[in-house]
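A.B. asks: What would the 3D arrangement of this be:
(2 chains)
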Amino acid sequence: MKILVPVKRVIDYNVKVRVKADETDVDLANVKMDINPFCDIAVEEAVRLKEQGVATEVVVVSIGDAKAEEQIRRAMAIGADRGILVQVEKPASSLTVAKILKAIFDEEQPGLVMMGKQAIDTDNNQTGQMLAALTGLAQGTFASKVEMADDKVNVTREVDGGLQTVSLKLPAIVTTDLRLNEPRYVKLPDIMKAKRKPLDKKVPADFGVEERSGVSVLKVEAPATRKAGIKVASVTELLDKLKNEAKVLS
Amino acid sequence: MKSLIIAEHNNEHLAPVTASVVKAAALCADEIVVLVAGKNCGEVAEQAARLAPVSKVLLCDDDQYQYALAEPLASLVIANAEGFSHILAAATTSGKNFMPRVAAMLDVEQISDIISVESPDTFKRPIYAGNAIATVQSSESVKVVTVRGTAFDACESGGSAAIESIAAAPGEAISAFVGEELAKSDRPELTAAGVVISGGRGMQNGDNFDLIYKVADKLGAAVGASRAAVDEGFVPNDMQVGQTGKIVAPELYIAVGISGQIQHLAGMKESKYIVAINKDEEAPIFQVADYGLVADLFDVLPELAEAL
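C.D. replies: Purely as a prediction, here's the structure:
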């Protein structure tokens, strides 16, 4: 079984973003970029399935600018076999990405698509579900456990009330949550090896997909900041403030 | 302009967040229809019909909607989407699951997790874990939107909308419910509680959360946790507050032994008052706290429980 793993290049999750002075976007100049953490978990899960003999090949795809090759190489260092880089002029919308992935899905015919539940830049949480819709396949979102069972996959999902397990007919789309696994550290020899793995470079037109978005960003502003608070010295003082100043306790 | 809202419920009770979604929808459209899909969920339809801005409730009672699986639910929404300018649901794990599927089936972009309605086609939403707020405008024929419940008040009740039963949508079952482990708690639900007290890595283990539960029960508070506390296995995932967990905005949020990473702040910084209890006075949580207490939580929590 082949597993397709889409990954996204995003700002490093430890970096605090700042809004540009003209409020058109956040400032990403000279900011450290990395693989989206949820995508990292998806790569790790797919590679583990290959190591267990469940999967035979892991194909990683990224849709982004030329530098997204770095994230594909990282996925290869974890253990992905080959990569596809689809270069876009400007950041692609979730639906555009899903359409490109649908075309790649049709070409590659994977048994499973494993991808992150959301990217930590736009925080949309859409692409996996959209790909499932376009391919007409079942979806297992926010996965904390994935178990293959013949022609099905059982996915335990992190939901608001706790955990829910669903059984999906294969092929299926699975999106990863934080606790599915802990991605391994990549070792230098694997990074060197990854440089020699095959990488195909494409553009959206190769898949007949037009880059469009029905949603435009009018403004990006910094959130309202909270007023600096005070330090209290004791539980007694804290309760006094909550009762008599904030009036949130009676 | 006409809005279709997909109700969130457990087949018995309409989730309070739905009233907030109706409030947001009323800012987009003058006619509001609520779809209740589930199994033996007639009572939920009655509850939805009592929301004042709602003009009609569509009730689809069928086995396949019992667990709100995304595949059949999205197909049902599509089968009933004709004529609506807006389709809205809560940005909960349920809404996040099926709504993008609806959007893609309609060949439109979705707008996720809105926190304000500027006009029927323009919305504000947080990006980068809430470190920036984007104002976005949709030119799509149908606006598919998920709504952050804590950003909107509940709509008024006292209505009596008509309830119309509709047929299930046909479709091959490609997914099936296997089981669930739902948290049982007598405490208030996290996203709806007036007071929330959360523990972090500083709690050291799951047993120590008893110290938090004691305070919570005195306050009638819900109990949450940071990602670190969940990752360490102290408490289950449904208690996680943060960018990828639950978003809360209570009157009072008490963070205990939580350092205050941006991913956690994204889930609670809209709270009205924030209290931080941490022995590390450099912890970033103090930068957002209205009242900070630099002290050992193992001293503070018992004292707090005693004093309340």
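
A.B. asks: which residues sit in contact with residue 102?
C.D. replies: The chain I'm using is chain A. Contact analysis of A:K102 by C-beta atoms under 8 Å, 6 or more residues apart in numbering or on different chains lists A:131, A:134-135. Placement of C-beta: from N, CA and C, glycine included.

A.B. asks: Chain B, not that one
C.D. replies: Taking C-beta under 8 Å, 6+ apart as the criterion, B:V102 is in contact with A:133, B:74, B:77-78, B:81, B:87, B:110, B:144.

A.B. asks: Just to be sure, it is in a helix?
C.D. replies: Yes - remark: B:V102 belongs to a helix, assigned using DSSP: H, G, I helix; E, B strand; the rest coil.

A.B. asks: That one and A:V248, how far apart?
C.D. replies: 39 Å (C-beta to C-beta, to the nearest Å).

A.B. asks: now swap in B:I174 and tell me
C.D. replies: Counting by C-beta to C-beta, the gap from B:I174 to A:V248 is 48 Å.

A.B. asks: Give me the phi and psi angles of the residue nearest the centre of chain B.
C.D. replies: For chain B, the residue nearest the mean C-alpha position is B:T92 (4.3 Å; C-alpha atoms, centre = their mean). Main-chain dihedrals, B:T92, degrees, to the nearest 10: phi -100, psi 180.

A.B. asks: wouldn't it be in contact with A:N125 here?
C.D. replies: No - using C-beta atoms under 8 Å as the test, B:T92 is too far from A:N125 to be in contact (11.3 Å).

A.B. asks: Please enumerate the helices of chain A.
C.D. replies: Assigned by DSSP state H, chain A shows helices spanning A:37-51, A:69-78, A:94-108, A:127-135, A:188-194, A:235-240.

A.B. asks: Would you convert these into JSON lines that also reports mean pLDDT?
C.D. replies: Below are those laid out as JSON lines (pLDDT from 0 to 100):
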{"stretch": "helix A:37-51", "mean pLDDT": "98"}
{"stretch": "helix A:69-78", "mean pLDDT": "98"}
{"stretch": "helix A:94-108", "mean pLDDT": "98"}
{"stretch": "helix A:127-135", "mean pLDDT": "98"}
{"stretch": "helix A:188-194", "mean pLDDT": "96"}
{"stretch": "helix A:235-240", "mean pLDDT": "96"}
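
A.B. asks: Quick one: neighbours of A:P189, just the number.
C.D. replies: Residues within reach of A:P189, counting by other C-beta atoms under 10 Å in any protein chain shown, total 9.

A.B. asks: still on that earlier bit, out of the contacts of B:V102, grab the one that's most surrounded.
C.D. replies: Most surrounded of the contacts of B:V102: other C-beta under 10 Å gives B:Q110, at 30 neighbours.

A.B. asks: For A:I84, see how far away it is.
C.D. replies: 25 Å.

A.B. asks: Need the distance between the two termini of stretch A:239-250.
C.D. replies: Across stretch A:239-250, the terminal residues are separated by 10 Å (C-alpha to C-alpha, to the nearest Å).

A.B. asks: Give the buried residues for it.
C.D. replies: Going by neighbour count (16 or more other C-beta atoms under 10 Å in any protein chain shown), the buried part of stretch A:239-250 is A:239, A:241-242, A:248-249.

A.B. asks: Same list, those, but as CSV with distance to A:V220 please.
C.D. replies: Listed next are these as CSV, based on distance: C-beta to C-beta, whole Å:
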residue, distance to A:V220
A:L239, 40
A:K241, 36
A:L242, 35
A:V248, 33
A:L249, 37
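
A.B. asks: Closest to B:S271 out of these?
C.D. replies: A:V248 (10.1 Å; C-beta to C-beta).

A.B. asks: How is chain B divided into domains?
C.D. replies: Listed by automatic domain parsing, the domain ranges of chain B are B:2-165, B:190-307.

A.B. asks: can I get these in a markdown table with distance to A:K2 and mean pLDDT?
C.D. replies: Listed next are the domains of chain B as a markdown table, based on distance: least, C-beta to C-beta, whole Å; pLDDT from 0 to 100:
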| stretch | distance to A:K2 | mean pLDDT |
| --- | --- | --- |
| domain B:2-165 | 23 | 97 |
| domain B:190-307 | 28 | 95 |
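
A.B. asks: Show me the one of the ones you listed that comes nearest A:G229.
C.D. replies: domain B:190-307 (4.1 Å).

A.B. asks: Mind checking which of the contacts of B:V102 are in strands?
C.D. replies: Among the contacts of B:V102, DSSP state E puts B:87, B:110, B:144 in strands.

A.B. asks: nearest to A:K67, of the residues you listed?
C.D. replies: Among the ones in strands among the contacts of B:V102, B:Q110 lies closest to A:K67 (C-beta to C-beta), at 27.1 Å.

A.B. asks: ok, now how distant is the closest one from B:V145?
C.D. replies: Taking C-beta to C-beta, one finds B:Q110 at 7 Å from B:V145.

A.B. asks: Okay, now the sheet partners of the longest strand along chain A, with direction.
C.D. replies: For chain A, the longest strand by residue count, based on DSSP E, is strand A:138-149. Its sheet considered, strand A:138-149 pairs with strand A:152-159 (antiparallel), strand A:172-176 (parallel) by DSSP bridges.

A.B. asks: Buried residues, it. List them.
C.D. replies: Buried residues in strand A:138-149 (16+ other C-beta under 10 Å): A:138-146, A:148.

A.B. asks: go on, stretch B:115-130?
C.D. replies: For stretch B:115-130, by 16+ other C-beta under 10 Å, it's B:115, B:117, B:120-130.

A.B. asks: Can you tell me which of these is nearest B:G233?
C.D. replies: Distances from B:G233 to these, taken by C-beta to C-beta, are shortest for B:A129, at 23.6 Å.

A.B. asks: Wasn't that closest one part of a strand?
C.D. replies: No - counting by three-state DSSP, B:A129 falls outside a strand, being helix.

A.B. asks: Surely it touches A:I120?
C.D. replies: Yes - with contact defined as C-beta under 8 Å, B:A129 reaches A:I120; the gap is 6.5 Å.

A.B. asks: anything in contact with each of those two?
C.D. replies: B:Q243.

A.B. asks: From B:A24, how far out is B:L35?
C.D. replies: 16 Å.

A.B. asks: which one of the two has more residues nearby?
C.D. replies: Between B:L35 and B:A24, B:A24 has the larger neighbour count (other C-beta under 10 Å), namely 27 against 23.

A.B. asks: Just list the residues touching that one, thanks.
C.D. replies: B:88, B:114, B:117, B:145, B:147, B:152.

A.B. asks: Ok, B:R227 next?
C.D. replies: A:178, B:240, B:242, B:244-245, B:261, B:263-264.

A.B. asks: Leaving out chain neighbours, which residue sits closest to A:I100?
C.D. replies: Distances taken as C-beta to C-beta, 6 or more residues apart in numbering or on different chains place A:V209 nearest to A:I100, at 5.1 Å, with adjacent residues excluded.

A.B. asks: For the one you found, the count of nearby residues, please.
C.D. replies: As a burial measure, A:V209 scores 22 neighbours (other C-beta under 10 Å).
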